[in-house]
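Peer 1: got a predicted structure plus its sequence, pasted below:
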Amino acid sequence: MSDQQDNMVDFDPMSPEFIQDPHSVLHKLRDEAPIARSDRWGGFWAVTRRSDVVALAKNHKQFINSITHIVPGGMAGKTRPLMHADQPEHTDFREAMLPVFNGPLGERIAPQIRAHAEGLVSRLVASGKADLERDYAGPLMAYTLTRFYGMDNVDPADLDRWLFQYFTGGQKREQGEVSDAHAAMMKVAVDLVEDRKVNPRDPETDLVTALLQARPHGRPLDEEKLLGAVRQPFVIVWLATSHSVGNMLTRLVEDTELQDKLRRNPELIAESLEEFLRLDMPQLGFARTSAGDFEYKGKLFRDKEPIALVFPAANRDPEVFENPDEFRIGRSPNPHLTFGAGLHACPGKAIARAVVLAALESLIKGTGDLRLNTAIEREHWPFRASRHIHVDVAAPGLTASASDNLASVS
């Protein structure tokens with residue numbers, strides 16, 4: 001079995017076909033090779049059925065995060081909790097962070113985030129044209145991070161620029177770009193930690209203070225890893241949420257009937273949220289590493305081999321979701337895995353849901369037609385996302401062509 005397995009290649013995630021339409025390929029893999037093999041980046045496994053994804057995600061002793069948490073592996077060097085940590089360290093950090101994610105902070109910053117989203121939308125309408133990814137989704141998430149962390153001296157535009165550079169450098173495997181962006185963001189994390197040492201805030205609403213005051217097993221958290229735990233959400237939160245929002249907006253500009261329906265019936269936006277989350281999750285390459293040889297359903301995962309848990313494929317498993325590619329407003333039940341499964345499930349899902357809903361409602365209610373004016377530029381594995389979404393933006397109550405006519409008259 002092992003010799004045959006070494007020569008087995010089920011798919012290439014960098015093929016033009018996969019980049020253009022990954023879900024068609026993933027549907028075929030789920031049917032024919034649900035535990036699939038690729039020879040990219042030194043070789044890895046990809047698990048696509050929901051039941052298998054959940055089983056491996058919950059087996060945290062065999063499938064660990066500290067070696068490889070994403071395929072291909074990151075380029076920033078040192079590992080950082082929470083995503084990179086295993087037990088018991090993972091729980092030490094998570095228990096310090098969860099009260100902030102689940103506490104009153106989300107409600108406190110929600111009005112600021114919604115107001116900022118509405119301001120961004122007003123500027124898009126005034127311009128008449130926009131890149132919905134770079135002019136809306138990315139900047140909104142950078143602003144959200146500054147409010148979540150209380151970054152009083154950080155310009156959200158700078159943070160967005162560093163994050164975009166970090167992401168695009170990683171896609172191109174350009175170490176210099178990644179390192180420069182990482183250094184800028186690490187300085188923000190260091191400044192936050194040094195400030196909170198001198199000026200602590202309420203640990204129920206300030207993540208950095210909560211980490212500094214945590215005493216698992218009667219000892220403070222390791223300061224180097226604490227810095228990593230402060231810095232890591234910059235990238236993870238920005239990437240996951242801005243790309244999710246971007247995918248949702250891609251859906252709206254490509255499905256004008258859905259866009260029009262939600263604009264005419266804005267009460268349906270909230271009812272659609274879980275379906276947007278299910279269908280438009282961007283992260284294809286979240287991974288675990290096998291801690292020792294392990295056989296599962298006839299496949300041998302060797303020690304230190306990476307296994308991608310393809311959550312977006314699990315979210316379209318026909319064994320769980322009827323007509324899985326269909327967007328159903330109010331689909332119930334809707335047990336999607338967009339926020340993960342097991343110990344590493346997203347701790348900030350309540351805030352993420354609120355931010356995504358604010359982004360959708362502000363844009364849909366604050367505009368008329370959104371119409372593509374160039375082809376969408378798409379990212380590639382480990383993401384299914386749009387790099388740029390260039391659209392004409394109409395004023396509320398108008399079509400894009402009507403807004404163009406008004407602009408030409410004025």
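Peer 2: Alright, I've got the coordinates.
Peer 1: and K61, that's in a strand?
Peer 2: No: membership of K61 in a strand is not supported by DSSP: H, G, I helix; E, B strand; the rest coil, which gives coil.
Peer 1: contact partners for it?
Peer 2: Q87, A291 (CB atoms under 8 Å, 6 or more residues apart in numbering). All C-beta atoms are positioned from the backbone trio N, CA, C, and that covers glycine.
Peer 1: hmm, 10 Å instead?
Peer 2: Contact analysis of K61 by CB atoms under 10 Å, 6 or more residues apart in numbering lists D86, Q87, A291, G292.
Peer 1: now swap in A354 and tell me
Peer 2: G106, E107, I109, A110, I113, R114, T144, L273.
Peer 1: and those residues, which is closest to E267?
Peer 2: Nearest to E267 among the contacts of A354 is L273, at 12.1 Å by CB to CB.
Peer 1: of the contacts of A354, which belong to helices?
Peer 2: Applying DSSP state H to the contacts of A354, the entries found in helices are G106, E107, I109, A110, I113, R114, T144, L273.
Peer 1: give the burial count for Q259, as a bare number.
Peer 2: If you count neighbours by other CB atoms under 10 Å, Q259 ends up with 20.
Peer 1: wait, a helix at it?
Peer 2: Yes: with three-state DSSP as the criterion, Q259 is located in a helix.
Peer 1: that one contacts D369, doesn't it?
Peer 2: Yes: taking contacts as CB atoms under 10 Å, Q259 lies within contact range of D369: 7.6 Å.
Peer 1: just the buried residues of stretch 369-385, please?
Peer 2: Within stretch 369-385, the residues that count as buried by 16 or more other CB atoms under 10 Å are 369-372, 376, 378-385.
Peer 1: for the stretch 1-150 of the chain, what spans make up the helices?
Peer 2: 2-6, 16-20, 22-32, 50-58, 89-102, 105-127, 138-149 (DSSP state H, counting those that start in this stretch).
Peer 1: one more: the stretch 201-350 of the chain?
Peer 2: 207-213, 223-254, 256-264, 267-279, 311-314, 349-366.
Peer 1: deepest of those helices, which one?
Peer 2: Of those, the one with the most neighbours on average (mean count of other CB atoms under 10 Å) is helix 311-314, at a mean of 27.
Peer 1: distance from the chain centre to that helix, please.
Peer 2: 13 Å (CA atoms, centre = their mean, to the nearest Å).
Peer 1: cool, stretch 252-271 as well?
Peer 2: Using CA atoms, centre = their mean, the offset of stretch 252-271 from its chain centre is 22 Å.
Peer 1: backbone dihedrals for G285, both of them.
Peer 2: G285 adopts backbone torsions of phi -110, psi 10, taken as degrees, to the nearest 10.
Peer 1: hang on, the earlier thing: dump the helices of the stretch 1-150 of the chain into a markdown table; add mean pLDDT as well.
Peer 2: Output for those, formatted as a markdown table (pLDDT from 0 to 100):
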| stretch | mean pLDDT |
| --- | --- |
| helix 2-6 | 53 |
| helix 16-20 | 91 |
| helix 22-32 | 96 |
| helix 50-58 | 97 |
| helix 89-102 | 94 |
| helix 105-127 | 97 |
| helix 138-149 | 97 |
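Peer 1: return the most buried member of those helices.
Peer 2: For those, the highest mean count by mean count of other CB under 10 Å goes to helix 138-149, at a mean of 24.
Peer 1: tilt between that one and helix 89-102?
Peer 2: Relative orientation of helix 138-149 and helix 89-102, computed by axes from the mean of the first three to the mean of the last three CA atoms, to 10 degrees: 100 degrees.
Peer 1: helices and strands around helix 138-149, which ones?
Peer 2: When contacts are defined as 3 or more CB pairs under 10 Å, 6 or more residues apart in numbering; DSSP states H and E, helix 138-149 packs onto helix 105-127, helix 156-172, helix 175-198, helix 207-213, helix 223-254, helix 349-366.
Peer 1: okay, these in JSON lines with distance to L284 next?
Peer 2: Output for the helices and strands packed on helix 138-149, formatted as JSON lines (distance: least, CB to CB, whole Å):
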{"stretch": "helix 105-127", "distance to L284": "27"}
{"stretch": "helix 156-172", "distance to L284": "13"}
{"stretch": "helix 175-198", "distance to L284": "19"}
{"stretch": "helix 207-213", "distance to L284": "28"}
{"stretch": "helix 223-254", "distance to L284": "11"}
{"stretch": "helix 349-366", "distance to L284": "18"}
